[in-house]
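# I would like the atomic coordinates for the input below:
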Amino acid sequence: MPITERWQLVQMLLSSIQQETQTATNEADESTQSPTEIGIAIAHLHPWTQSFVGLLPATSEDLQATYVDYLEEKYA
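Residues are numbered from 1 along each chain as shown. Below is the predicted model of the structure:
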């Protein structure tokens, strides 16, 4: 896949994540929910999306797996 197409894919993915996050945040703001209720509103997002936007911390296992994948690709 050419780099321009990959870059478009990344931009579309980030835009989609931003829209999901804004929708969840706007729903929480419009109904004047407490911080706990805001967390519940955002909790409906896919777990990968939550970790991507920093709502859930990545576990050490996730970080290790990511690093191993990186090394395998680099030295393959």
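# use CA for all of it now, contacts and neighbours both
OK.
# worst mean pLDDT across the helices and strands of this protein, which element?
helix 35-42 (a mean of 63; mean pLDDT, DSSP states H and E).
# show me the helices in the protein, by range?
Listed in chain order, the helices of the chain (DSSP state H) span 3-30, 35-42, 47-52, 60-75.
# buried residues in the last one?
Of the residues in helix 60-75, none count as buried by neighbour count, 16 or more other Cα atoms under 10 Å.
# CA atoms of that helix as CSV?
C-alpha atoms of helix 60-75 as CSV (Å, rounded to 0.1, in the frame of the first residue of the first chain):
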residue,chain,number,x,y,z
SER,A,60,3.0,-3.7,31.0
GLU,A,61,2.1,-6.8,29.0
ASP,A,62,0.7,-4.6,26.2
LEU,A,63,3.8,-2.5,26.1
GLN,A,64,6.1,-5.5,26.1
ALA,A,65,4.1,-7.1,23.2
THR,A,66,4.2,-3.9,21.2
TYR,A,67,8.0,-3.6,21.7
VAL,A,68,8.5,-7.3,20.7
ASP,A,69,6.4,-6.7,17.6
TYR,A,70,8.5,-3.6,16.8
LEU,A,71,11.8,-5.5,17.2
GLU,A,72,10.6,-8.4,15.1
GLU,A,73,9.6,-6.1,12.3
LYS,A,74,12.9,-4.1,12.6
TYR,A,75,15.2,-7.1,12.5
